[in-house]
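J.: fold the following.
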Amino acid sequence: MPEASASAPRQSARTANSKPQTRDLTQGPIARTLLVFALPILAGNVLQSLNGSVNAIWVGGHLGEAALTATANANNVMFALIGAVFGISMATNILIAQSMGAKNIAQAKRVLGTSATFFGVVSLLIAVLGWPLSRHLMQWMSTPEAALPLAEAYLQIIFLAIPLLFMFSFVTAALRGAGDTRTPFWFLLIVVALDMALNPLLIFGWGPVPRMGIQGSAMATLIANAVSFAALLGWLRLRRHPLWIGRRQLGLFKPDLTIVRTLVVKGLPMGVQIVMISLAMIAMISMVNEHGVQTASAYSAALQLWTYVQMPAMAIGAACSSMAAQNVGAGLWKRVSATANAGMLGNLLLTGSLIVLIVLLDRHVLGWFLPGGSPSLEVARHLNHIAIGSFLFFGVTFVLAGVVRSTGAVMAPVLILAIAMWGIRVPVARWLQPVMGVDAIWWSFPISSVCSMLMMLAYYRWGNWRKAHMLPAQAAMPAAEPAREQTPAAEQAEAPMDSDALIALADPCERIAIPAEVGGQPPSTVATLATDAGAGAPPRDANPG
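T.: Numbering: from 1, shown residues only. As a prediction, the model looks like this:
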């Protein structure tokens, strides 16, 4: 007995010290909370870009131009595949964020279990089908003959790494939905550090490690993601994260067809955006190439800078989506609107400051990517002065799109992007060249960005996105049983519980309906208590305006 009594405080202390680093985004000062939440996302984006640059230096600088061409072509396939599932991971992020905002951990875990199974099956199918098709994919992309064997060898290992890449991306998206961006950053840092360290070791070999050449670069990616993903799962288990699904809750991994349908219906439109942007960029590069090597190299140098210029807006937009989704789940509509305002202001300050700095120092920063004395430098400065300001308007669009998507209204942002890219940018760049020359291409960027911002502002102000939802109403979870005696936290952690019992014990769930964009069911209020237990409590902010 004394031994048992002494162990209780230790158990309690261990539980307290292992509190997960989740963040309740429905409370606290909005601007500061958003900034703190967005900074790890921004840092992670920078890390990934730097990792790609360093790996390109090892491959291109030591294995030759054919190897660099091979990795570039193979990476295009990998990025396309990741972009295809990006939208589905975003749908998972929003569903979990809404559940966390509604304080409904059971529903969040149900979403996580179904999504994990869905991602796992899809990633394994891609790996199994892609490995034998690697050479055909490279041939379809017109990979140069000298680089084709290298590209095939590299891509085959990348396909083996796809399940790890997908699952790592999926889990980090789920954590962001739970209000945690620090943990994904630290484990992404492990990926980048290992990838950078393993690239030269596996490419050139050392001691017992054989020389693998270009395959070593792909193997470094596989090993880095495997180690970091395993460490991430171990950390979640050790810290008893609220979203961790233990062995007594394995039934939650059984796919819920309603959630699967939502992931596809909501996720695919968000993934289509990546495809449309990529295709539009290909169209723009094709037009630039028509004006010769000098103009093409100038545009390529500017693109290197623009990759970093758009990062603050992308990080803030992603943070706004998770933060707004939690507040949607909680029914705090004033905080949703305040999140949009804080996101737009943050974009103007961060992106605007970066643009001003680059314009003032453009001769130096563009010179990093062009040979000394290159005539392309002045061309790059000219086009940069015209086009770089477009990212300020792009940032506003990206932030508002993130807020709008947080309710489940995914179609309007896709349509606005399609109009801006293919109804305005590409036609302006093509049709105005007889009048403006090559400058028509550069001016198409700010013209299309301003138009997309105005369309998104109009939809944000007058659209029905506040009435859109993620899951159908019948997917609402059953009401909690009243007057159930609560057990201590330590006992709950150790008590056996299957998935059905977990759902039966869940708190009242918000009722969620499919948005008008998809059709099929009329919208309903975002949060409706399923029992009368809270009827006497003062209502939270339910103003949908």
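
J.: hey, where'd the helices end up in the stretch 1-150 of the chain?
T.: Taking DSSP state H, counting those that start in this stretch, the helices of the stretch 1-150 of the chain run over residues 2-17, 30-63, 65-101, 105-140, 148-177.

J.: could the ones you listed go into CSV alongside distance to Met411?
T.: Placement of C-beta: from N, CA and C, glycine included. Formatted as CSV, the helices of the stretch 1-150 of the chain follow (distance: least, C-beta to C-beta, whole Å):
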stretch, distance to Met411
helix 2-17, 44
helix 30-63, 25
helix 65-101, 12
helix 105-140, 21
helix 148-177, 21
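
J.: number of residues surrounding Arg363?
T.: 11 (other C-beta atoms under 10 Å).

J.: give me the low-pLDDT residue ranges for this structure?
T.: For the chain, the stretches with pLDDT under 70 are 1-22, 60-62, 64-66, 68-69, 72-73, 76, 84, 141-144, 473-545.

J.: show me where it has its strands.
T.: Taking DSSP state E, the chain contains no strands at all.

J.: turn the helices of the stretch 1-150 of the chain into a markdown table, columns for mean neighbour count and distance to Gly463.
T.: Listed next are the helices of the stretch 1-150 of the chain as a markdown table, based on neighbours: other C-beta atoms under 10 Å; distance: least, C-beta to C-beta, whole Å:
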| stretch | mean neighbour count | distance to Gly463 |
| --- | --- | --- |
| helix 2-17 | 10 | 45 |
| helix 30-63 | 18 | 22 |
| helix 65-101 | 23 | 17 |
| helix 105-140 | 19 | 26 |
| helix 148-177 | 23 | 23 |
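
J.: let me know which of those helices is the nearest to Gln433.
T.: Gln433 lies closest to helix 65-101 among those, at 26.9 Å (C-beta to C-beta).

J.: now the angle between helix 30-63 and that closest one, please.
T.: Interaxial angle, helix 65-101 versus helix 30-63 (axes from the mean of the first three to the mean of the last three C-alpha atoms, to 10 degrees): 160 degrees.

J.: how about Val209, nearest residue that isn't a chain neighbour?
T.: Closest residue in space to Val209, ignoring its immediate chain neighbours: Leu201 at 5.9 Å, by C-beta to C-beta, 6 or more residues apart in numbering.

J.: Leu42 too?
T.: Of all residues not flanking Leu42 in the chain, Ala315 sits nearest, at 3.7 Å (C-beta to C-beta, 6+ apart).

J.: all helices for the stretch 251-400 of the chain, in order.
T.: Going by DSSP H, counting those that start in this stretch, the stretch 251-400 of the chain shows helices at 257-289, 293-309, 311-330, 333-360, 362-367, 376-387, 390-405.

J.: show me what the third one packs onto, helices and strands only.
T.: What that stands for is helix 311-330. helix 30-63, helix 65-101, helix 148-177, helix 333-360, helix 390-405 (3 or more C-beta pairs under 8 Å, 6 or more residues apart in numbering; DSSP states H and E).

J.: go again using 6 Å as the cut-off
T.: helix 30-63, helix 65-101, helix 333-360, helix 390-405 (3 or more C-beta pairs under 6 Å, 6 or more residues apart in numbering; DSSP states H and E).

J.: list just the one of these that sits closest to Ala224.
T.: Proximity to Ala224 (C-beta to C-beta) singles out helix 30-63 among those, at 9.2 Å.

J.: just to revisit the earlier point, most packed of the helices of the stretch 251-400 of the chain?
T.: Mean neighbour count (mean count of other C-beta atoms under 10 Å) peaks for helix 311-330 among those, with a mean of 28.

J.: export it as CSV, just CAs?
T.: Presented in CSV, the C-alpha positions along helix 311-330 are these (Å, rounded to 0.1, in the frame of the first residue of the first chain):
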residue,chain,number,x,y,z
MET,A,311,6.7,32.2,-48.1
PRO,A,312,5.4,34.6,-45.5
ALA,A,313,2.0,34.8,-47.2
MET,A,314,1.9,31.0,-47.5
ALA,A,315,2.8,30.5,-43.9
ILE,A,316,0.3,33.1,-42.6
GLY,A,317,-2.4,31.6,-44.9
ALA,A,318,-1.8,28.1,-43.6
ALA,A,319,-1.9,29.4,-40.0
CYS,A,320,-5.1,31.3,-40.7
SER,A,321,-6.8,28.2,-42.0
SER,A,322,-6.0,26.2,-38.8
MET,A,323,-6.8,29.1,-36.5
ALA,A,324,-10.0,30.0,-38.2
ALA,A,325,-11.1,26.3,-38.3
GLN,A,326,-10.7,26.0,-34.6
ASN,A,327,-12.8,29.1,-34.0
VAL,A,328,-15.4,27.8,-36.5
GLY,A,329,-15.7,24.6,-34.5
ALA,A,330,-16.1,26.7,-31.4
